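Peer 1: The following comprises the amino acid sequence and a computationally predicted model.
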Amino acid sequence: MQTRGVTSRRFDSISSSLKKRQSNAARRYPWRRAVFIFLAALVVKAAVLYALHDHPLIQPRGDMDTTVYVALAQQGTTQPFFVSPLYLYFLRLFGVDLFAVRIVQIILGSVAVVLIFDTARLWFGDRAATIAAAFAILTGVISFYEITILQAALDPFLVAVALWLLARALHSEKWSLFGLTGIAIGLLVLNRPNALLWPPVFVLAILWIRGLRPAMILAAGVMLPIAPVTIRNIVVAHAPVMIASHGGLNFYIGNNPDADGTYHHVPGIRPTIAGQQEDVPRVEASYGSFYRRAWIWIESHPDAAFALFLRKIAYTFNQTDLALNYSYSYFTKDVVSPLKFLVVGPWLLFPLGIVGAVRYVRNRSFAVWASFIPIYAISVAIFFVSSRYRLPLLIPMCITAGAMFVQLRLWTWIAAGLLAIGVCWNFGLDDGRAHERTNMIVYLIEQHRLEEAAQVIAETERITRDPATLHARSAQAYKQAAIDFVQSNQPDKALAAFEAAHRLDPTDASNLLNMAVLQAQRGDTIAARENTRAALRLRPDYPQAEGLLRALERR
């Protein structure tokens, strides 16, 4: 009985303290501090944009997701949306002017920091709000994704708006705020469809603590932006695609006998958005839907599926950069930019944010607000984990991390320290840095900067887990560069490029033949014969090599 009394008094103390800070926050608003926070965030994000806006690896090129988003925004599609549609409309709004888009994105990101400040202030007071805003400004991965041409660029703003409106609604008796919150959540879902798991749970929670009318208004608000996209997909596809059709493939990637919790290539599906859009219907027509195949595996191997799900939850809250399209680790370690100084990240936000949220979870309104954290984490782990998919979690983590600095308690810091061990645990995951370096090598070779490329190859060989891919892609790029040199009448450079391609891929007989042709043209008959014979050893039925050898032997 005495223990329950102490626990009750402690809860009453936390609850009354929270209400007091909320009341103080409602009485006055620190406009000067908010403006300063906005400007500070904008300066930091503008510095990141200035440093990286022309970096070749974040431009639309090749078959990257960025290229597909730009193409779909420019040309449109008569198919149901395969990717999240909101970002396509966002690009069209600015005429697919990528520089203008990036400027708007960092402005929205700066507004998001102010919303983080105000949300933390509503829940925890001024000190926590200022610290939360500082965390958001210093979180480099947020600023990085805000300068990319991906739907992830809008995630920080959309999550910040939804959580800010939700906090306002929970502090107010105005039903209209629940409608606005629902619209904001609907827009977030249009940009990040896996977040669809949150609205039903949230509507039920509002029904529990506020009653039927606010819950119905909220639900209607959620559906308002989603319904037109669903109707459009039904009209063009004659199939019930609610938002985007790529969910089945992503679900299978995260739930199959070979799944490891991160992205991996699916046989028969090209690892690009364009390839996936074309290949998925063909593969599903032959083998059944990816959703069905994933569920069959889950039902047949429930223990393995559950263990995999727990592993994905751990990955969701782990500090390792799980690259998809872009490796944040590469841009912080291999590229000179302000990102090197933006040191806050999952390693700090997850331990502080989780413990900060747990401190106040007994407050019903706050618990409803904080439900986004576990539910969104589950919605990521249902599929597979990548840094950009878990990016939305960093927004509430900034807010609740600020709560750790209110009424400092030793046990909370001990708990955060213990949690940090798990967050920083080395699972042996690949941060994608070597893959991004390989992309840079290909770019350097395409630009005929062969010496720089050779140096980066040598450095990358020391860190890569996949030397075969590094060598194969580099060899192919060298081969294409050599062909370009031949066409521009630069035989010496062409020979050097073919030799580099051969060193990296000694199984390609065509490189040896091309080297022999160039050597024969410069009068080096002995070397030409040796390389032609080597080509025939690799490929005995190589008619061009046979013809060249006969011609060389007649000399």
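Peer 2: Received, thanks. Numbers count the residues shown, from 1 in each chain.

Peer 1: I'd assumed residue 250 was in contact with residue 382.
Peer 2: No. Residue 382 lies out of contact with residue 250 (Cβ atoms under 8 Å); the separation is 9.2 Å. Every C-beta, even on glycine, is put in place using the N, C-alpha and C of the backbone.

Peer 1: between the two, which one's more packed in?
Peer 2: residue 250 (20 against 16; other Cβ atoms under 10 Å).

Peer 1: Sort out which residues of the helix or strand residue 232 falls within are buried, please.
Peer 2: Taking DSSP states H and E as the criterion, residue 232 maps to helix 212-237. Neighbour-count burial for helix 212-237, counted by 16 or more other Cβ atoms under 10 Å, picks out 214-219, 221-223, 225-226, 229, 233.

Peer 1: Spell out the residue ranges of the strands in the stretch 1-150 of the chain.
Peer 2: Per DSSP state E, counting those that start in this stretch, the stretch 1-150 of the chain carries no strands over any range.

Peer 1: Residue ranges in it under the pLDDT threshold?
Peer 2: Scanning the stretch 1-150 of the chain with the threshold set as pLDDT under 70 gives 1-27, 63.

Peer 1: can you give me the helices for it?
Peer 2: Here the stretch 1-150 of the chain has its helices, by DSSP state H, counting those that start in this stretch, at 2-27, 31-52, 65-75, 86-93, 98-124, 126-137, 140-145.

Peer 1: can you put those helices in CSV and add mean neighbour count and distance to residue 268?
Peer 2: Listed next are those as CSV, based on neighbours: other Cβ atoms under 10 Å; distance: least, Cβ to Cβ, whole Å:
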stretch, mean neighbour count, distance to residue 268
helix 2-27, 12, 54
helix 31-52, 17, 35
helix 65-75, 18, 19
helix 86-93, 18, 26
helix 98-124, 23, 33
helix 126-137, 24, 42
helix 140-145, 25, 30
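
Peer 1: The most centrally placed residue in the chain: what's its closest spatial neighbour, skipping adjacent residues?
Peer 2: What sits nearest the mean C-alpha location of the chain, by Cα atoms, centre = their mean, is residue 388, with 1.9 Å. Setting aside the residues directly before and after it, residue 388 is nearest to residue 152 in space (Cβ to Cβ, 6 or more residues apart in numbering), at 4.2 Å.

Peer 1: Skipping adjacent residues, who's closest to residue 463 in space?
Peer 2: Once flanking residues are discounted, residue 463 sits nearest to residue 434: 5.4 Å by Cβ to Cβ, 6+ apart.

Peer 1: mind listing what the one you found touches?
Peer 2: When contacts are counted by Cβ atoms under 8 Å, 6 or more residues apart in numbering, residue 434 touches 460, 463-466, 470.

Peer 1: Repeat the analysis, applying 6 Å as the threshold.
Peer 2: 460, 463-464 (Cβ atoms under 6 Å, 6 or more residues apart in numbering).

Peer 1: Among these, name the ones in helices.
Peer 2: residue 460 (DSSP state H).

Peer 1: In PyMOL, select just the buried ones from the contacts of residue 434.
Peer 2: Entered in PyMOL, the line below selects the buried ones among these, by 16+ other Cβ under 10 Å:
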select buried, resi 460+464
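
Peer 1: still on that earlier bit, got the confidence number for the residue nearest to residue 463?
Peer 2: Listed pLDDT for residue 434 reads 94.

Peer 1: hang on, the earlier thing: can you tell me which of the contacts of residue 434 is closest to residue 124?
Peer 2: Proximity of the contacts of residue 434 to residue 124 (Cβ to Cβ) peaks at residue 463, which lies at 41.8 Å.

Peer 1: which one is residue 494 nearest to, not counting chain neighbours?
Peer 2: residue 485 (3.6 Å).

Peer 1: Report the buried residues of the helix or strand containing that neighbour.
Peer 2: Secondary structure assigned from DSSP H and E places residue 485 in helix 467-487. The neighbour-count check on helix 467-487 (16+ other Cβ under 10 Å) flags 470-479, 481-482, 485-486 as buried.

Peer 1: average model confidence for it?
Peer 2: For helix 467-487, mean pLDDT rounds to 95.

Peer 1: that older thread, roughly how far is the helix holding residue 232 from the heart of the chain?
Peer 2: On the basis of Cα atoms, centre = their mean, to the nearest Å, helix 212-237 sits 26 Å off its chain's mean C-alpha point.

Peer 1: which is the next helix or strand following it?
Peer 2: Counting by DSSP H and E, the next helix or strand C-terminal to helix 212-237 is helix 247-254.

Peer 1: Check which helices and strands that following helix is in contact with.
Peer 2: Applying 3 or more Cβ pairs under 6 Å, 6 or more residues apart in numbering; DSSP states H and E, we find helix 247-254 packed against helix 290-300.

Peer 1: Tell me which residues are up against whichever helix or strand comes after the helix it packs on.
Peer 2: Counting by DSSP H and E, the element after helix 290-300 in chain order, helix or strand, is helix 302-316. Outside helix 302-316, the residues within contact range by Cβ under 6 Å, 6+ apart are 261, 298, 377, 380-381, 385, 390.

Peer 1: Restricted to helices, list those residues.
Peer 2: 298, 377, 380-381, 390.

Peer 1: okay, the buried residues of helix 212-237 in a markdown table with distance to residue 308 and pLDDT next?
Peer 2: Below are the buried residues of helix 212-237 laid out as a markdown table (distance: Cβ to Cβ, whole Å; pLDDT from 0 to 100):
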| residue | distance to residue 308 | pLDDT |
| --- | --- | --- |
| 214 | 38 | 92 |
| 215 | 34 | 94 |
| 216 | 37 | 95 |
| 217 | 38 | 95 |
| 218 | 33 | 95 |
| 219 | 32 | 95 |
| 221 | 35 | 96 |
| 222 | 30 | 96 |
| 223 | 33 | 96 |
| 225 | 33 | 95 |
| 226 | 30 | 94 |
| 229 | 31 | 89 |
| 233 | 30 | 84 |
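
Peer 1: out of these, who's nearest residue 78?
Peer 2: In terms of Cβ to Cβ, no member of those lies closer to residue 78 than residue 233, at 11.2 Å.
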